[in-house]
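Chemist: Sequence first, predicted model second:
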Amino acid sequence: MRGLAKREVWRHEPLKTGVAELDLIAVEAPIALQFNGISHAVLLATPQDLEDLAVGFAFTEGIVRDASDIYDVQVHESEQGHIVDIEIASACLQRLKQRRRQLAGRTGCGLCGLESLEEVRRDLPPVATPTAQARADAVFIALEQLRGLQPLHQQTGATHAAGLAQADGTIKVVREDVGRHNALDKLIGHLMRTDGLQHAQEQMIVVSSRASFEMVQKTAAAKVPTLVAVSAPTSFAINLATELNLLLVGFGRAHQFSAYSHPHRLSTT
């Protein structure tokens, strides 16, 4: 698996002090994204599912309008990391300039490198209200399934995950990465490449991280009406979710969660 590496570690624990063993480590590498030959951003990410990452990043950043604007994605490995060349429609180049970033990014922050405050908030329409209420039992099912669908995390303890769940809570696809924003971009990119967002209005995204502002923004860009997070939301995330008609759930646990926006969209039956 490209996301795993083996390193020697010295374990110190009762009856086993100073023992050298091999440990599985999550790989974190620089990923350079180039659009039509123009260097745009360098992310620190887990180097697997990079085609999904490129497509999802291009869409959630507002560079492309949909999958048809992306003509080709090529991944090249170098000594320093990975280079992803994305060929996009010429009409999207202006969006690329508007979302221009410096060539540096950090794992934990989805906004690093933006050049002005105006670039932080995208102009997105509210998400359409689903035809049926979200079921509380489906939220619990999705949370439980997500825990068992993270092989990288189970082996390393160092990655986040984002999964797409159906109305009944069944998760169809999961993507993992050392960065929570990258995991969500990988998920959205995969769904775009496979027409998996066709029924987005009846689905939910479940993430293993906190619900930051940009996680809400990316979910809304994909037109998915519900975001469920294992950890807490931020005030900016709650405000944006309220404005964009997104049901935001935080502190998702085995038997409890908290709804921070549009709680009327939840059904307890």
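Modeler: On my side now, so go ahead.
Chemist: element containing the residue most central in space within the chain, please.
Modeler: Central residue of the chain (C-alpha atoms, centre = their mean): L184, 1.1 Å from the mean position. In the assignment (DSSP states H and E), L184 maps to helix 180-193.
Chemist: Spell out, range by range, the helices that occur in this protein.
Modeler: Ranges of helices in the chain, per DSSP state H, are 50-60, 93-98, 136-148, 151-156, 180-193, 213-221, 235-243.
Chemist: just so I know, which of the ones you listed lies nearest A162?
Modeler: With C-beta to C-beta as the criterion, A162 lies closest to helix 180-193 of the helices of the chain, at 4.2 Å. The C-beta positions use only the backbone N, C-alpha and C, and glycine is treated the same way.
Chemist: That closest one to helix 50-60, inter-axis angle?
Modeler: 90 degrees (axes from the mean of the first three to the mean of the last three C-alpha atoms, to 10 degrees).
Chemist: Against E176, how distant is V249?
Modeler: V249 sits 21 Å away from E176, taking C-beta to C-beta, to the nearest Å as the criterion.
Chemist: repeat for G157
Modeler: 12 Å.
Chemist: So for these two, which residue has more residues nearby?
Modeler: E176 (27 against 11; other C-beta atoms under 10 Å).
Chemist: so where do the strands sit in this structure?
Modeler: 4-11, 19-26, 29-35, 38-45, 70-77, 82-88, 134-135, 160-165, 171-177, 204-207, 226-229, 247-250, 258-261, 266-267 (DSSP state E).
Chemist: what residues does the helix-or-strand element of the chain with minimal mean pLDDT touch?
Modeler: Ranked by mean pLDDT, DSSP states H and E, the weakest helix or strand in the chain is helix 93-98, scoring a mean of 78. Helix 93-98 is contacted from outside by 35-36, 38, 40, 62-64, 88, 119, using C-beta atoms under 8 Å, 6 or more residues apart in numbering.
Chemist: try 10 Å this time
Modeler: Under the criterion C-beta atoms under 10 Å, 6 or more residues apart in numbering, residues 35-36, 38, 40, 58, 61-65, 69, 86, 88-89, 118-119 lie in contact with helix 93-98.
Chemist: Can you give the distance of it from its chain's centre?
Modeler: 22 Å (C-alpha atoms, centre = their mean, to the nearest Å).
Chemist: repeat for stretch 59-74
Modeler: Per C-alpha atoms, centre = their mean, the centroid offset for stretch 59-74 relative to its chain is 16 Å.
Chemist: Check stretch 256-269 too.
Modeler: 22 Å.
Chemist: what does stretch 53-66 give?
Modeler: Centre-to-centre, stretch 53-66 and its host chain are 12 Å apart (C-alpha atoms, centre = their mean).
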